[in-house]
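> Below is the structure, and that's it, no one-letter string:
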């Protein structure tokens, strides 16, 4: 007999979204903070991103600097896809773009998104955690998964945990679940490898994103500014605003060996200044300073070519075991939809 219906491993915004969604069905939920042993939820990927989301604010996206036909085609493709999805975007004349954002450089096209903005990731996670609690779910912090086994006889997952502050004496416990949802972010490959056979084991790769703060009052923008993305790894060093209206630039892409490499790399300042100056006039390099960094969870190496999407799947041969891999940007934007999608996988909706 199962101790709980579902185990959600990972208490970031995606894990909490999934857990709160399942809890509203009346399922017995046990949500814990995977192998990172945090004292609070959302202390990994989501707390170190741009916190941009499709909310009620505005974003400009455009090809800048040395404009190519490929960049224009990318924006046109983005606009057409947005229309299919019901997301409001519009091309605006360059003269109007200069009028509303005088410091922005755009030579060929400007695509405006009318429903993109910023959100307090912490407030969202606080709400989801409250939803989980109000529907009877359990959130176990300072708890790590150390082993997972699947019994085909009982169709249950036996999961071993270590609980307690890692700096103090920890206790071991074991619980049984009907399903396990692996939403562990940077630790998701490690969790997956505890269960799947050797030929299906994963290697984790880490793409660091550095952010730089900006202390000058000039140039000033009222919107999020995104250059046309090059390649598939990141969106480029865009301009974003925090909830207080402060400017920061980032993230770039810097491949690293450890998920704990979380200090912003100040040596990247020349690269950042050159990139930002492609689309913004009068950027003062002396006003830029390394701010913070985050890590994108990857399951493909730097040499991998082509677009890689989120991986969300119920693993073959392991009914009820759902893997969520490479959940990076736009994971925050997608978090509520991912919760709905995982519910559909488990309940065949």
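Done, it's in. As the structure is a computational prediction, the values presented were derived from the model and not from experiment. Residues are numbered from 1 along each chain as shown.
> Find the nearest non-adjacent residue to residue 211, please.
Excluding the flanking residues, the one nearest residue 211 by CB to CB, 6 or more residues apart in numbering is residue 250, at 3.4 Å. Yep, even glycine has a C-beta here, placed from its N, CA and C like the rest.
> helix/strand/coil for residue 305?
coil (DSSP: H, G, I helix; E, B strand; the rest coil).
> likewise residue 5?
Residue 5 is classified as strand under three-state DSSP.
> wait, doesn't it sit right on residue 176?
No: using CB atoms under 8 Å, residue 5 makes no contact with residue 176, being 10.5 Å away.
> Give the buried residues for stretch 101-112.
101, 103, 104, 105, 106, 109, 110, 111, 112 (16 or more other CB atoms under 10 Å).
> host element of the fifth one?
What it means is residue 106. Using DSSP states H and E, residue 106 is not contained in any helix or strand.
> tell me the phi and psi of it?
Note on residue 106: its backbone torsions stand at phi -150, psi 130 [degrees, to the nearest 10].
> pretty sure it is touching residue 279, no?
Yes: applying CB under 8 Å as the test, residue 106 and residue 279 come out as touching, 7.3 Å apart.
> what's the distance between the residue nearest to residue 211 and residue 163?
Relative to residue 163, residue 250 is positioned 36 Å away (CB to CB, to the nearest Å).
> neighbour-wise, which of the two wins?
Higher neighbour count among residue 250 and residue 163: residue 250, with 28 against 15, using other CB atoms under 10 Å.
> ok, that one - contacts?
The neighbours of residue 250, taking CB atoms under 8 Å, 6 or more residues apart in numbering as the test, are 50, 209, 210, 211, 212, 237, 238, 240, 272, 291.
> now, which of those residues lie within helices?
residue 272 (DSSP state H).
> Just the buried residues out of the contacts of residue 250, in PyMOL syntax.
Buried residues among the contacts of residue 250 (16+ other CB under 10 Å), as a PyMOL selection:
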select buried, resi 50+209+210+211+212+237+238+240+272
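> Just send the contacts of residue 250 back as TSV, with distance to residue 190 and pLDDT too.
Compiled in TSV, the contacts of residue 250 are given as follows (distance: CB to CB, whole Å; pLDDT from 0 to 100):
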residue	distance to residue 190	pLDDT
50	26	59
209	21	95
210	25	96
211	26	96
212	31	97
237	30	86
238	31	90
240	30	90
272	32	94
291	28	96
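> Closest one of the contacts of residue 250 to residue 81?
residue 238 (19.0 Å; CB to CB).
> and the nearest residue to residue 128 once chain neighbours are set aside, how many residues sit next to it?
Once flanking residues are discounted, residue 128 sits nearest to residue 16: 3.9 Å by CB to CB, 6+ apart. Neighbourhood size, residue 16 [other CB under 10 Å]: 30.
> For the helix or strand encompassing residue 344, enumerate the helices and strands it packs against.
Taking DSSP H and E as the definition, residue 344 sits inside helix 331-347. With contacts taken as 3 or more CB pairs under 8 Å, 6 or more residues apart in numbering; DSSP states H and E, helix 331-347 sits against helix 13-23, strand 52-53, helix 121-134, strand 311-314, strand 321-325.
> Deepest-packed of the ones you listed, please.
Among those, helix 13-23 has the highest mean neighbour count (mean count of other CB atoms under 10 Å), at a mean of 28.
> Quick check: bridge partners of the closest residue to residue 315 other than its chain neighbours?
Distances taken as CB to CB, 6+ apart place residue 321 nearest to residue 315, at 5.0 Å, with adjacent residues excluded. In this entry, residue 321 is beta-bridged to residue 180, by DSSP bridges.
> does residue 321 really touch residue 180, like I thought?
Yes: with contact defined as CB under 8 Å, residue 321 counts as touching residue 180 (5.1 Å).
> that older thread, in strands only, show me the buried residues of stretch 101-112.
110, 111, 112 (DSSP state E).
> which residues touch the second one?
Residue 111 makes contacts with 60, 61, 62, 75, 78, 79, 89, 90, 91, 92, as judged by CB under 8 Å, 6+ apart.
> Can you report phi and psi for the fourth one?
Yep, that's residue 75 we're talking about. Here is the backbone geometry of residue 75 (degrees, to the nearest 10): phi -70, psi -40.
> Just the pLDDT at it, thanks.
On pLDDT, residue 75 comes in at 88.
> can you check the first one too?
We note a pLDDT of 70 for residue 60 in this prediction.
> Next one: it from residue 188, what distance?
Taking CB to CB, one finds residue 60 at 34 Å from residue 188.
> Please apply the same query to the fifth one.
Taken as CB to CB, the spacing of residue 78 relative to residue 188 amounts to 28 Å.
> So which of the two has more stuff around it?
Using other CB under 10 Å as the criterion, residue 78 and residue 188 rank with residue 188 on top: 25 against 17.
> Check whether that one sits in a helix, strand or coil.
Under three-state DSSP, residue 188 comes out as helix.
> re the thing from before, for residue 150, state which of the contacts of residue 111 is nearest.
Distances from residue 150 to these, taken as CB to CB, are shortest for residue 78 (41.7 Å).
> backbone phi and psi for residue 81, please?
phi -70, psi -40.
> dump the residue contacts of the residue nearest to residue 179 when sequence neighbours are not counted.
Of all residues not flanking residue 179 in the chain, residue 320 sits nearest, at 3.3 Å (CB to CB, 6+ apart). Residues near residue 320 by CB under 8 Å, 6+ apart: 155, 157, 178, 179, 180, 314, 346.
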